[in-house]
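*Asks:* Output the structure for:
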Amino acid sequence: MKERLPTKKTARRKIPQVAILLESSHEISRGMIRGILAYVRLYGPWALHLESGGWSDQKLPDLDVWRGNGIIARVPTSKVAADVVAARLPTVLIDPVDAYLDPTHPLSRCSRIECDSAEVARRAADYYLANDFTHFAFVGAPSDLNWSRRRQEAFVRRLGEAGYPCAVYPAPNNAERDNWEIECQRMSRWLRKLEKPLAVFAANDARGRQVLNACLAAGLPVPYEVAVLGVNNDVMICETSQPPLSSVAVDMEQAGYAAAELLDHLMRKTQRGQQCVLFKPQDVVARASTQRLQVNDRLVIRALEYIRINAGLNIRVSDVAGHVGVTPRWLEKRFAQTLARSVMDEIQRVRMDTVSSLVAKSCLAFAEIARRCGFTSANHLGVLFRQTFGTTMSAFRQQNIR
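*Replies:* Purely as a prediction, here's the structure:
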C-alpha cells in the first residue's frame with residue numbers, strides 16, 4: 001500500500017504556540033507537565049513555552065512578540081492573571097483560586113481542570129474508618145483555599161455519616177502563616193488536647209509534613225498516638241518526612257493530559273463554552289505515618305517510637321529499656337503481653353523494613369545499606385533478607401524497578 005503523503009493543507013498546518021505556566025519545582029506540577037507532553041506526542045506537534053522554577057518564575061512570553069495560540073496555567077499572581085486576560089487566547093486554568101471564579105473576574109469565563117477534592121476527602125475518611133480509628137481531625141492549608149475547604153467539608157461530612165465528629169484546626173493568623181516556628185507551637189498544643197489515638201487528614205503533603213513536625217515537637221508518637229495522611233503522594237515530601245508520610249495519590253499526569261485535550265478542542269474551536277473537568281484521586285499510598293499497631297500501653301508505645309528512630313544504630317534491648325526507664329526483663333514482659341513478640345524481634349522487624357525500602361527505592365550498594373542499617377556485612381544482611389522475604393536483595397530490587 002502506498003504511503004499517504006501530507007496534503008498541501010496539512011503540510012502547511014501551523015504549529016500551535018502554547019504557554020505552560022506550571023511551577024516545575026513541584027512534583028505535582030511536573031506530573032501535569034508529563035501528562036501534557038503525553039498528549040502532545042500523540043496529537044501535536046505543539047511549540048511549548050515553559051519556564052522552569054517556582055511560582056515567581058512563571059510568566060507569559062512578551063505578548064508584543066509571541067504569537068500564541070493557547071495557555072494552560074495555574075495562575076500564581078494578579079500580574080500573571082492580568083497578562084492572561086490581556087492575551088485573549090483559549091485558556092485552561094488549573095485549580096483556580098476563588099478570586100478567578102468570581103463571575104466579575106474575566107478569568108471566570110475560562111475552562112478549567114480541578115481536582116475532585118470531595119472524592120479525595122472521602123477516600124481519606126474511608127481509609128481511616130477501615131482501619132478502626134474513632135477520633136479524627138482535619139488540618140487545612142495555611143491560606144483559605146477553595147480546594148482545602150472542599151476537602152475539609154467532605155471529610156467532616158463523611159465521618160458524620162459514619163457517626164463520628166471531627167476536630168478542625170483553626171486557620172493560622174498572619175504571623176503564624178509567615179513563621180512556621182510560631183505556628184508549630186500552637187499546632188502542637190492543639191494536637192495534645194485531642195483524644196487519642198487520633199487520625200489527622202492534612203489538606204496536602206506539605207501540610208502533612210508540618211503536622212508530623214508538630215507531633216514531634218509535642219512528643220506525640222506517630223503513628224501510635226497520631227496518624228497523619230496527606231494528599232498528592234509527592235514522593236520527595238512523603239519519603240523525606242519522619243516518619244514517611246502516607247498520602248492519597250492523585251493522577252496528575254491524567255490531569256495534565258485532560259488539560260491539553262481540552263485546550264486542543266478550544267484552539268480548534270471544536271469545543272465552545274466554558275468547561276470544568278474533574279480529575280480523580282487514586283488509592284491511599286500507605287507509609288509509616290498511618291501504619292499503626294493496636295497498642296494501648298504507653299510504655300510500649302514509647303519503646304516502639306525509640307526503636308523506629310534508632311533501629312539503624314545497632315541498638316540493644318538494654319538501650320530501649322534505659323530510654324523508657326525500666327529493666328530489660330520488665331520491658332520484655334510488657335512486649336510479650338502487648339505484641340506477642342520480643343523487643344529484639346521488633347528491632348529486627350523495623351531494621352528489615354528499612355532495608356527492604358532502601359533496596360526497592362534506592363540505588364545504594366548493598367554494603368552501604370548494610371552499614372546504614374547496623375548490620376556487620378552485606379553477606380550477613382543477604383542471608384537475613386532471604387530468610388525474611390524469601391528472595392535475594394538483587395531479585396527484590398529488580399522486581400521493584402518501574
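*Asks:* Point out where the chain drops to low pLDDT.
*Replies:* Where the chain drops to pLDDT under 70, the residues are 1-13, 271, 293-294, 401-402.
*Asks:* Quickly list the domain ranges of it.
*Replies:* Using automatic domain parsing, the domain parsing of the chain gives 14-114+253-281, 117-250, 298-399.
*Asks:* quick one: terminal-to-terminal distance for the first one?
*Replies:* Its start and end residues considered, domain 14-114+253-281 measures 36 Å (CA to CA, to the nearest Å).
*Asks:* for the stretch 151-300 of the chain, what spans make up the helices?
*Replies:* For the stretch 151-300 of the chain, applying DSSP state H, counting those that start in this stretch gives helices covering 174-178, 180-193, 205-218, 235-240, 252-268, 298-310.
*Asks:* Tell me which of those helices sits nearest to Val97.
*Replies:* Nearest to Val97, of all the helices of the stretch 151-300 of the chain, is helix 174-178, at 15.6 Å by CB to CB. C-beta: built from backbone N, CA, C; applies to glycine.
*Asks:* between whatever helix or strand Arg30 lives in and helix 252-268, how many degrees?
*Replies:* In this assignment (DSSP states H and E), Arg30 forms part of helix 27-43. Here helix 27-43 runs at an angle of 50 degrees relative to helix 252-268 (axes from the mean of the first three to the mean of the last three CA atoms, to 10 degrees).
*Asks:* What is helix 27-43 packed up against?
*Replies:* Packing partners of helix 27-43 (3 or more CB pairs under 8 Å, 6 or more residues apart in numbering; DSSP states H and E): strand 47-50, helix 235-240, helix 252-268.
*Asks:* Please point out which parts of that helix sit buried.
*Replies:* Using 16 or more other CB atoms under 10 Å as the test for burial, helix 27-43 gives Glu27, Ile28, Ser29, Arg30, Gly31, Met32, Ile33, Gly35, Ile36, Leu37, Tyr39, Val40.
*Asks:* Tell me which two of those sit farthest apart.
*Replies:* Glu27 and Val40 (20.1 Å).
*Asks:* Show residues contacting the longest helix belonging to the chain.
*Replies:* If you go by DSSP state H, the chain has its longest helix at helix 343-361. Contact with helix 343-361 is made by 239, 303-304, 307-308, 311-312, 315, 317, 320-321, 328, 331-332, 335, 339, 341, 364, 366, 369, 372-375, 381, 384-385, 388-389, 393, 396-397, 400, as judged by CB atoms under 8 Å, 6 or more residues apart in numbering.
*Asks:* Narrow the residues you listed to those that are buried.
*Replies:* Burial by neighbour count, judged by 16+ other CB under 10 Å, picks out 303-304, 307-308, 311, 315, 317, 320-321, 331-332, 335, 339, 366, 369, 373-375, 381, 385, 393, 396-397 from the contacts of helix 343-361.
*Asks:* What is the burial count for Glu195?
*Replies:* Residues lying near Glu195 (other CB atoms under 10 Å) number 10.
*Asks:* which residues touch it?
*Replies:* Residues in contact with Glu195 (CB under 8 Å, 6+ apart) are His135.
*Asks:* any idea how far it lies from Leu220?
*Replies:* In this view, Glu195 and Leu220 are 12 Å apart by CB to CB, to the nearest Å.
*Asks:* before we move on, what about Glu176?
*Replies:* Glu176 is 19 Å from Leu220, where distance means CB to CB.
*Asks:* In terms of neighbours, single out the busier of these two.
*Replies:* Set Glu176 next to Leu220 and count neighbours by other CB under 10 Å: Leu220 wins out with 21 against 18.
*Asks:* where does that one fall, phi/psi-wise?
*Replies:* Here is the backbone geometry of Leu220 (degrees, to the nearest 10): phi -100, psi 110.
*Asks:* Which strand residues bridge the residue lying closest to it once chain neighbours are set aside?
*Replies:* The shortest distance from Leu220 to any non-neighbouring residue, by CB to CB, 6 or more residues apart in numbering, is to Val226 (4.9 Å). Beta bridges link Val226 to Leu198 when assigned by DSSP bridges.
*Asks:* now swap in Val250 and tell me
*Replies:* Beta bridges link Val250 to Pro281, judged by DSSP bridges.
*Asks:* so where do the helices sit in the stretch 1-150 of the chain?
*Replies:* Using DSSP H, counting those that start in this stretch, the helices found in the stretch 1-150 of the chain span residues 8-11, 27-43, 78-87, 98-101, 117-130, 146-161.
*Asks:* what about the residue nearest to Gln210 when sequence neighbours are not counted, distance to Tyr43?
*Replies:* Leaving aside its sequence neighbours, Gln210 sits nearest to Trp180 (CB to CB, 6+ apart; 6.7 Å). According to CB to CB, Trp180 stands 43 Å off from Tyr43.
*Asks:* now swap in Cys363 and tell me
*Replies:* In terms of CB to CB, Cys363 sits 35 Å off from Tyr43.
*Asks:* I figured the residue nearest to Leu220 hits Phe201, correct?
*Replies:* No - between Val226 and Phe201 there is no contact under CB atoms under 8 Å: 11.6 Å.
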